[in-house]
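[1] What follows is a predicted protein model with its sequence.
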Amino acid sequence: DAKTTQPPSMDCAEGRAANLPCNHSTISGNEYVYWYRQIHSQGPQYIIHGLKNNETNEMASLIITEDRKSSTLILPHATLRDTAVYYCIVRVAFNNQGGKLIFGQGTELSVKP
Amino acid sequence: DGGITQSPKYLFRKEGQNVTLSCEQNLNHDAMYWYRQDPGQGLRLIYYSQIVNDFQKGDIAEGYSVSREKKESFPLTVTSAQKNPTAFYLCASGATGELFFGEGSRLTVL
């Protein structure tokens, strides 16, 4: 399984963009990058995922480098409610039926007023 | 409403007792997962199941058991063999990697 490396914590001012980096230098060609977040004592919430192209949805944007060895999750206008632990995960595909998903330690993002 | 339901939300047990945590989903997902989370830590995979009547060990399966007799249900039993069972337990279901999580069950062993 590809491993991911994230900074343990980051701060961001409310209203500014939050850029959360993730290194996944051993990613395989058929592995996707997924981002989840977990607000304290709740179940994690899916944010976005991508293979090689940049992706955007209503929550965030995902930028994947051309060599796919790293990615950045961007929250364009962070709010206090975005304070959470953000997990970057590389999915191990297995018969396209979910497969084994390994969560690392994540980045604790604190959005400050 | 569609989703994942875990019960109970809080559970207290005496040391040496087995306890079963319930996880039910009505999302028609084939894959279901159990994770454990300790304070200040990430999620660690206990067991996962990709189809009914089949399941695989995750990274920390020792002291736990599961069954998958129905697509909708994936109960987790924390046995007395689990040395440090006090934790927050999360169940999830999904396909193609996007997981939907329940609200978790917090188990405290006294």
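    Yep, it's here.
[2] So which residue is dead centre in chain A?
    A:Trp35 (3.1 Å; Cα atoms, centre = their mean).
[3] What strand or helix carries the nearest residue to that residue once chain neighbours are set aside?
    Spatial nearest neighbour of A:Trp35, chain neighbours left out: A:Ile47 (4.3 Å); criterion: Cβ to Cβ, 6 or more residues apart in numbering or on different chains. In this view, the C-beta of every residue, glycine as well, is placed from N, C-alpha and C. Secondary structure from DSSP states H and E places A:Ile47 in strand A:45-50.
[4] same check, this time on A:His77
    Secondary structure (DSSP H and E) places A:His77 outside all helices and strands.
[5] picking up where we left off before, contacting residues around the residue nearest to A:Trp35?
    Taking Cβ atoms under 8 Å, 6 or more residues apart in numbering or on different chains, we find A:Ile47 in contact with A:35-37, A:57, A:59-60, A:73, A:86.
[6] sorry, back to before: the helix or strand following the strand holding A:Ile47 and chain B, any residue contact?
    The helix or strand immediately downstream of strand A:45-50 is strand A:55-56, counting by DSSP H and E. No - using Cβ under 8 Å from any Cβ of the partner chain, strand A:55-56 never reaches chain B; the gap is at least 12.7 Å.
[7] Name the helix or strand for the residue nearest to the centre of chain A, please.
    Per DSSP H and E: strand A:33-38 holds A:Trp35.
[8] ranges for the strands of the chain?
    I went with chain A, as the question did not name one. Taking DSSP state E, the strands of chain A run over residues A:9-13, A:18-23, A:33-38, A:45-50, A:55-56, A:61-64, A:70-75, A:84-90, A:107-112.
[9] that's the wrong chain, I wanted chain B
    Listed in chain order, the strands of chain B (DSSP E) span B:4-7, B:10-13, B:19-25, B:31-37, B:43-51, B:54-57, B:64-66, B:76-78, B:87-95, B:98-101, B:105-109.
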